[in-house]
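K.L.:
Mind looking at a prediction? Sequence and model below.
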Amino acid sequence: MDAADFSDVLSEVRRFVRERVVPLEAEIDAKDEMPADIREAARKMGLFGFALPEEYGGLGLSMYEEARLMFELGYTTPSLRSMFGTNNGIAGHVLMVGGTAEQKAEWLPRIASGDVLASFALTEPEAGSDPSTLTTRAHRDGDDWVVNGAKRYITNAPLADVFMVFARTDPDAPGTRGISTFLVPAGTPGLTVAPRDHKMGQFGAWTADVYFDDVRVPSSALVGGAAGLNRGFATAMGCIAHGRVHISALMVGMAERLVDESVSYASTRKQSGKPIGSFQLVQGLIADSQTDYYAGRATVLEAARAFDAGTDTKVGPSCAKYFASEMVCRVADRAVQVHGGAGYMRGVAVERFYRDARLFRIYEGTSQIQQVIIAKALLGEAARG
């Protein structure tokens, strides 16, 4: 995107976030629902397709541009980003990475416009950070495929129009082999979405279990067509690497907000007749958080540059995700400490962000999974013992 145009996009999103969404954060958290007018405004701004190619109606942002956009979106409740994150990220990228020309033409324009909400259905009760153990299966029946199994914690499942479903198509293949991806529209007979989960935080972003009971889809639903058979794991990993940089940038935006909240409170809250910001131990908490924020921002931008260049699409995203998720939790914890008793009260922004931040060390691959990915990439054969 032209630099001037991209600058305009950032300015518009910043105003939208800070003037329209931030004032609604407490309401979104209390009601566990994103207001319809915010959803529609996001759709009109093109936020459902900023990472998708221009030829399909998206903005076609690079990873570096996307990271900078996510800094702005991360300044408010993460449920805003979650509303359109799967369209741009792991769900939309399934088609970008592995879809046929016909599948891209049919689905991507509607995903980019927000007319279709897509969900990424990979995680299962016994297959989370390690998807190689997934048990959802799909078998051929004439020209159709029949899917059976269950998925867990699927983002946007209660609202989704289509699911990107990962299922084992070769039961005899070991580990990550023999997994394929299917496009399954909501409302397909046999597909059931459970009531939405009641989570610790990130209210307004809905997740739910999804069940497949003899769900029949045509052969055209196999992502990638015949060439995509048993290639689902490779497709998933390509999508998740992008998603790790994406979500890391969101955490940096949240860290910036937490620093701002801490500075504002420490500047105005008085103890012993003077602002608590005059006490050096409080200053130390704020200095540590600002330093963490700066380090996270630099890490994410470097990972995004390398991702765009194609020089690092594995270790960099894992490093960024690992550091940023641990970093934002430290910053959130300090923000609560700076606020003292007020930081433990519902209705105070840092209390909400403290709950919201905790999930980041779990999804898109836990911190421990990122450690393993990074170490194995550096150690090679030595990591196998």
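P.N.:
Perfect, I can see it now. Numbering: from 1, shown residues only.

K.L.:
quick one, strands of the stretch 1-150 of the chain?
P.N.:
Secondary structure of the stretch 1-150 of the chain, counting by DSSP state E, counting those that start in this stretch: strands at 118-121, 137-141, 144-155.

K.L.:
Out of those, flag the one nearest Ser278.
P.N.:
strand 144-155 (43.5 Å; C-beta to C-beta). Every residue, glycine included, has its C-beta placed from N, CA and C.

K.L.:
next helix or strand past the closest one?
P.N.:
Note on strand 144-155: by DSSP states H and E, the next helix or strand toward the C-terminus is strand 162-168.

K.L.:
for that following strand, the distance to its chain's centre please.
P.N.:
17 Å (C-alpha atoms, centre = their mean, to the nearest Å).

K.L.:
Out of the strands of the stretch 1-150 of the chain, which one sits most buried?
P.N.:
When the strands of the stretch 1-150 of the chain are scored by mean count of other C-beta atoms under 10 Å, the highest mean neighbour count falls to strand 118-121 (a mean of 28).

K.L.:
on that earlier part again, closest one to Gly316 among the strands of the stretch 1-150 of the chain?
P.N.:
strand 118-121 (21.4 Å).

K.L.:
Now mean pLDDT and distance to Gly46 too, for the strands of the stretch 1-150 of the chain, in CSV please.
P.N.:
CSV is the format used below for these (pLDDT from 0 to 100; distance: least, C-beta to C-beta, whole Å):
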stretch, mean pLDDT, distance to Gly46
strand 118-121, 95, 16
strand 137-141, 97, 34
strand 144-155, 97, 20
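
K.L.:
As a markdown table, those strands with distance to Thr181 would be great.
P.N.:
Output for the strands of the stretch 1-150 of the chain, formatted as a markdown table (distance: least, C-beta to C-beta, whole Å):
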| stretch | distance to Thr181 |
| --- | --- |
| strand 118-121 | 9 |
| strand 137-141 | 10 |
| strand 144-155 | 11 |
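
K.L.:
Give me the number of neighbouring residues for Leu61.
P.N.:
A total of 21 residues lie near Leu61 under the criterion other C-beta atoms under 10 Å.

K.L.:
which SS class is Gln371?
P.N.:
helix (DSSP: H, G, I helix; E, B strand; the rest coil).

K.L.:
Return the residues in contact with it.
P.N.:
Going by C-beta atoms under 8 Å, 6 or more residues apart in numbering, Gln371 touches Tyr322.

K.L.:
still on that earlier bit, just tell me which of the strands of the stretch 1-150 of the chain ends up closest to His198.
P.N.:
strand 144-155 (12.1 Å).

K.L.:
Who are the packing partners of that closest one?
P.N.:
helix 78-88, strand 118-121, strand 137-141, strand 162-168, strand 179-185, strand 207-218 (3 or more C-beta pairs under 8 Å, 6 or more residues apart in numbering; DSSP states H and E).

K.L.:
Now do the strand or helix carrying Ile240: distance to the chain's middle.
P.N.:
Using DSSP H and E, Ile240 maps to helix 232-268. Put simply, helix 232-268 sits 9 Å off its chain's centre (C-alpha atoms, centre = their mean).

K.L.:
Select, out of the strands of the stretch 1-150 of the chain, the one closest to Met327.
P.N.:
Short answer: strand 144-155, nearest of the strands of the stretch 1-150 of the chain by C-beta to C-beta, at 22.5 Å.

K.L.:
Could you export that closest one as PDB, CA atoms only?
P.N.:
The C-alpha trace of strand 144-155 is given here as PDB (Å, rounded to 0.1, in the frame of the first residue of the first chain):
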ATOM      1  CA  ASP A 144     -18.800 -36.700  -0.900                       C
ATOM      2  CA  TRP A 145     -16.800 -36.600   2.300                       C
ATOM      3  CA  VAL A 146     -18.400 -37.400   5.700                       C
ATOM      4  CA  VAL A 147     -16.900 -35.700   8.700                       C
ATOM      5  CA  ASN A 148     -17.200 -36.900  12.300                       C
ATOM      6  CA  GLY A 149     -15.600 -35.500  15.500                       C
ATOM      7  CA  ALA A 150     -15.500 -32.500  17.800                       C
ATOM      8  CA  LYS A 151     -13.600 -29.300  18.100                       C
ATOM      9  CA  ARG A 152     -13.000 -27.200  21.200                       C
ATOM     10  CA  TYR A 153     -12.500 -23.400  22.000                       C
ATOM     11  CA  ILE A 154     -13.300 -22.400  18.400                       C
ATOM     12  CA  THR A 155     -13.200 -18.600  18.000                       C
END
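
K.L.:
I'd like the numbering to begin with 7 instead of 1 from here.
P.N.:
All set: I'll call the first residue 7, so the last point we hit is now strand 150-161.

K.L.:
Could you tell me which strands sit next to that strand in the sheet, and their orientation?
P.N.:
Neighbouring strands of strand 150-161 in its sheet, by DSSP bridges, are strand 143-147 (antiparallel), strand 213-224 (antiparallel).

K.L.:
Let's see the longest one as CSV, backbone CA atoms only.
P.N.:
Backbone C-alpha positions of strand 213-224 (Å, rounded to 0.1, in the frame of the first residue of the first chain) are rendered in CSV as follows:
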residue,chain,number,x,y,z
THR,A,213,-15.7,-19.3,21.5
ALA,A,214,-17.5,-22.6,21.6
ASP,A,215,-17.2,-26.3,21.0
VAL,A,216,-18.3,-27.6,17.6
TYR,A,217,-19.6,-31.1,16.8
PHE,A,218,-19.7,-33.0,13.5
ASP,A,219,-22.1,-35.9,13.3
ASP,A,220,-22.0,-37.5,9.8
VAL,A,221,-21.5,-34.0,8.3
ARG,A,222,-21.6,-34.6,4.5
VAL,A,223,-19.8,-32.1,2.2
PRO,A,224,-19.1,-32.4,-1.5
